[in-house]
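Participant: got a sequence here, can you model it:
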Amino acid sequence: MIIKSLVINNFRVFRGVHEIDLKPRVVNKHQTKAAPIILFGGLNGAGKTSILSAVRVALYGRAAFGRGMNTAEYQTQLDALIHNGVGVSENKSSIQLVFTHSLNGVENEYRVTRAWSRGHKDKLILEQDNTELSSMSYEQCQSFLNELIPPGISDLFFFDGEKIAELAEDDSGEVLQTAVRRLLGIDVAERLRNDLAIFLKRNDAAAMPENIKAQIDKLEKQRKDAEHQAVELANKSALCRARIELIGADIIKTENELSSRGGAWAQSREQEKAQQYTLDAERKELEKTLRAEIEGNLPFALAPKTLQKLLNQLEAEKKAKQVEHFNNELTDFMAELEQKLSFGLSNSFVAIQTIKSCFEERQAAQTKSEILLDISDREFDQVNAQVNSRASESYQRFDIARKRLEIVEEQIANISINIARAPEQEQLEEQLNQLKKLNSQRTSAIIEFKQLTEDAKRKYREAIDFARKVQKLHDKHKTASTAEASVTNALNTHALLADFSEQLTTVRVKQLEAEFIKSYQKLARKEDLKLSARINTDTFDVELIDENQHIINRKGLSAGEKQIYAIAILEALGKTSGKKLPIIIDTPLGRLDSKHRDKLIEHYFPEASHQVIILSTDTEIDEQYFGSDYLKDDISHAFEIQFNGKTKSSSLKEGYFWESHTLQRDTSASTGQQQKIVGAN
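Facilitator: Numbering: from 1, shown residues only. Coordinates of the predicted model:
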């Protein structure tokens, strides 16, 4: 299994839609397979756990929150997952998970979409190879997902690094027992044993009662009677069908006669008249519209070139009047200026002559326009608006009404022809009454035919039911006669399965012990390397044994040692089962000292699975571990989760905490896949 992508929408701390590419990539040209680790970095509270929660909720729904949760409690949990940031009005959320999974050697791609709104039940859509499995109900889709990845083993692959240490504190062995049985296939034999036990309870080896034969004879008689009645009803039904066909032929004949006398037109005469009335009313409205446009601004649209010349003349006259007015004002001003210069200057003659000369030259250079129409500026604006705006709009309305009027007049003409073709109702009264009578007869015959058919089917079902009861009694007689052999075989198989389960458990537990010791010694500190383990095949409790064969009390282990112990069990279970599932680890190094951290970084994360999704803070997978000496070649790509205190929401960007160490890969080895993050809407 490989998780290819995760899309979250308004989920917990994430506002809007975020699409996250989780498929492992080849990071450089020297590698032959994809790097397994996809790293998420975020400070506490940024939303790392939301990624893990989204995967679990998408796959398991109610089971993601634990056992024994009722519908109301589940709805409360879902409502709490809807993003509730600053200024958010959305009351719905969704998760989409795309992954590949191999079943019986065939790999398929699945797309799981789980969506819900506040106070409403979640909806689940499951697609296989881009085809929605629409025939499956919600419960069937969920059951299908549970079969792909059983919820009982999901905690062993999608886990919180701090909480997983609780596995070390489980004295009952229940958690490990469930995991071992499901992962290693021991539960299959147990289910078969349970099925055989049910068989043994249901198949008592008692002798057949004395009245069995009498019951069979009675049921056989009832079966024959029901079959006989069913045949009679079926024959009547066939006769009724033949009568329906004859009536249908008479109806066709009458309709043909009616049509030859214009009946087809007569039947639609009233409809034609009603439509003619409607079209006449529409024609009057259209003619009214055309007259109104003709009396209004339409004429201005009929001679565009002439009217354009008119506007040009009016524009020229407007400018000429403006020039004339300006010259008059300037002449008055020049007279005042000459007078003031005469009194103000001792030698003003030259200045006055110069000004007059310039004024006369300016007037001589001006273009003279003859004033023919002499309208005001307001009147000019009205004419301009009528020609350039209202006339065009009027023409458009006129043209639409004209075209529609042509269609309406053509329809009125056709309807008039149809009405003229139709004979009067009295001329066709006899044929119409005959047709009505035949249609009524056919309707009654059809009802009778359906009733006879249903009665025949019911009698056939009764006969089949009697036959089944007879067969059941025969089977019971047969079971009674052979019960001794069946029970003997079931008892022998039940005992055999008990021995098989015991031996299979012993073999698997030995394999698990060996894998656990190998994993624990790989992850433990040097001073712990002499430890070994023993698993009780009855209680499935794991006992740590020191070099003197003394049992070590796990409760005395530190939090970090318990976490290493639990991770070693998980790795051993995965390798013993042979299941290829991705691993998601939240807060993987929080409780570990430096030595244990180094061990996990070097020997667990790169080898734990083909896909390892790590949700870490900057103090866990730090700059040193992120560098080339440790995880660089094992990290496919990384994301940083950034929390915005103003909006109370988080966003994702590809990269990690240190800009200098964001993943810069050799482009020649790139897979071409690009991670997409759609920001909050």
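
Participant: give me the residue at the spatial middle of the chain.
Facilitator: Closest residue to the average C-alpha location of the chain: T113 at 5.9 Å, with CA atoms, centre = their mean.

Participant: who is that residue paired with across the strands?
Facilitator: Q96, I125 (DSSP bridges).

Participant: same check on L6?
Facilitator: Going by DSSP bridges, L6 is paired in beta bridges with I20, L97.

Participant: tell me the phi and psi of the nearest residue to R118 once chain neighbours are set aside?
Facilitator: Counting by CB to CB, 6 or more residues apart in numbering, N91 is the residue found nearest to R118 once chain neighbours are left out, at 4.1 Å. Quick note: C-beta positions are derived from backbone N, CA and C, even for glycine. Main-chain dihedrals, N91, degrees, to the nearest 10: phi -120, psi 40.

Participant: low-confidence regions, the stretch 451-600 of the chain specifically.
Facilitator: 474-488, 490-491, 494, 525-530, 539-540 (pLDDT under 70).

Participant: can you do 90?
Facilitator: Across the stretch 451-600 of the chain, the ranges flagged by pLDDT under 90 are 453, 456-457, 459-461, 463-600.

Participant: just the strands in it please.
Facilitator: Assigned by DSSP state E, counting those that start in this stretch, the stretch 451-600 of the chain shows strands spanning 532-535, 542-545, 551-552, 583-586.

Participant: looking at the ones you listed, which is buried most?
Facilitator: Using mean count of other CB atoms under 10 Å, the stretch among the strands of the stretch 451-600 of the chain with the largest mean neighbour count is strand 583-586, at a mean of 23.

Participant: how many residues are close by the residue nearest to R118?
Facilitator: Burial measure for N91: 15 neighbouring residues, criterion other CB atoms under 10 Å.

Participant: for it, give me its contacts.
Facilitator: I82, S117, R118 (CB atoms under 8 Å, 6 or more residues apart in numbering).

Participant: wait, D586 touches A54, no?
Facilitator: No: here D586 lies out of contact with A54, judged by CB atoms under 8 Å, at a distance of 11.8 Å.

Participant: re the thing from before, per-residue pLDDT of the residue nearest to the centre of the chain, please?
Facilitator: Note on T113: pLDDT of 96.

Participant: ok, it - contacts?
Facilitator: If a contact means CB under 8 Å, 6+ apart, then T113 has S94, I95, Q96, L124, I125, L126, E127 as its contacts.

Participant: name the SS class of the first one, please.
Facilitator: S94 falls in the strand class when you classify it by DSSP: H, G, I helix; E, B strand; the rest coil.

Participant: residues contacting Q611?
Facilitator: Residues in contact with Q611, defined by CB under 8 Å, 6+ apart, are M1, I2, I3, L22, P24, P36, I38, P582, I583.

Participant: return the distance of the closest residue to it other than its chain neighbours relative to L97.
Facilitator: Distances taken as CB to CB, 6+ apart place P582 nearest to Q611, at 3.8 Å, with adjacent residues excluded. Remark: distance between P582 and L97 (CB to CB, to the nearest Å) = 11 Å.

Participant: okay, and the common contacts of those two?
Facilitator: With CB under 8 Å, 6+ apart as the test, P582 and L97 both reach I3.

Participant: okay if I get the contacts of T113 as a markdown table plus neighbour count, pLDDT and distance to I252?
Facilitator: Rendered in a markdown table, the data for these read as follows (neighbours: other CB atoms under 10 Å; pLDDT from 0 to 100; distance: CB to CB, whole Å):
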| residue | neighbour count | pLDDT | distance to I252 |
| --- | --- | --- | --- |
| S94 | 20 | 95 | 58 |
| I95 | 23 | 96 | 62 |
| Q96 | 20 | 96 | 59 |
| L124 | 20 | 94 | 54 |
| I125 | 17 | 94 | 51 |
| L126 | 19 | 93 | 53 |
| E127 | 16 | 93 | 51 |
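
Participant: just the helices from the stretch 101-250 of the chain, written as ranges.
Facilitator: For the stretch 101-250 of the chain, helices defined by DSSP state H, counting those that start in this stretch occupy the ranges 138-148, 151-154, 174-183, 186-202, 212-260.

Participant: closest one to L307 among the ones you listed?
Facilitator: Among those, helix 212-260 comes nearest to L307, with 59.2 Å by CB to CB.

Participant: just checking, what packs against that closest one?
Facilitator: helix 263-267, helix 429-523 (3 or more CB pairs under 8 Å, 6 or more residues apart in numbering; DSSP states H and E).

Participant: swap in 6 Å and give it another go.
Facilitator: Using 3 or more CB pairs under 6 Å, 6 or more residues apart in numbering; DSSP states H and E as the contact test, the elements touching helix 212-260 are helix 429-523.

Participant: quick one: the residue nearest to R118 and E19, what's the gap?
Facilitator: As for N91, its distance to E19 is 22 Å (criterion: CB to CB).

Participant: same question, K319
Facilitator: Counting by CB to CB, the separation of K319 from E19 is 65 Å.

Participant: what about these two, which has more around it?
Facilitator: The residue with more neighbours, out of K319 and E19, is E19; 15 against 12, by other CB under 10 Å.

Participant: ok, now how distant is the more buried one from I447?
Facilitator: Applying CB to CB, the value for E19 to I447 is 59 Å.

Participant: likewise A385?
Facilitator: To I447, A385 is 72 Å away according to CB to CB.

Participant: now Q128
Facilitator: Remark: distance between Q128 and I447 (CB to CB) = 47 Å.

Participant: equivalent analysis for L192, please.
Facilitator: Per CB to CB, L192 is found 56 Å from I447.

Participant: likewise T647?
Facilitator: To I447, T647 is 68 Å away according to CB to CB.

Participant: who has more neighbours, the two?
Facilitator: Neighbours of T647 and I447, each counted by other CB under 10 Å, are more numerous for T647; the result is 14 against 11.

Participant: surely that one meets G87?
Facilitator: No: with contact defined as CB atoms under 6 Å, T647 does not reach G87; the gap is 7.4 Å.

Participant: next secondary structure after the helix or strand of the chain at the bottom of the mean pLDDT ranking?
Facilitator: Every helix and strand of the chain was ranked by mean pLDDT, DSSP states H and E. The lowest is helix 263-267, at a mean of 51. Later in the chain than helix 263-267, the nearest helix or strand by DSSP states H and E is helix 269-295.

Participant: what comes up buried for that next one?
Facilitator: Neighbour-count burial for helix 269-295 flags R269, E272, Q275, Q276, L279, E282, R283, L286, T289, L290, E293 (criterion: 16 or more other CB atoms under 10 Å).

Participant: tell me the mean pLDDT for that helix?
Facilitator: pLDDT averaged over helix 269-295 gives 85.

Participant: can you name every helix or strand that it contacts?
Facilitator: Helix 269-295 is packed against helix 391-421, with contacts defined by 3+ CB pairs under 6 Å, 6+ apart.

Participant: tell me the buried residues in the helix it packs on?
Facilitator: Quick answer for helix 391-421 (16+ other CB under 10 Å): 391, 394-395, 397-398, 401, 405, 408, 411-412, 415, 418-419.

Participant: show me the contacts for E282.
Facilitator: V408 (CB atoms under 6 Å, 6 or more residues apart in numbering).

Participant: next one: it relative to V408, how far apart?
Facilitator: Distance of E282 to V408, given as CB to CB: 6 Å.

Participant: same thing with N328?
Facilitator: Using CB to CB, we find N328 at a distance of 61 Å from V408.

Participant: ok, now H83?
Facilitator: Distance from H83 to V408, by CB to CB: 58 Å.

Participant: do the same with P588
Facilitator: From P588 to V408 the distance is 80 Å (CB to CB).

Participant: could you look up the SS state of R25?
Facilitator: coil.

Participant: how many neighbours does it have?
Facilitator: Counted with other CB under 10 Å, residues neighbouring R25 total 21.
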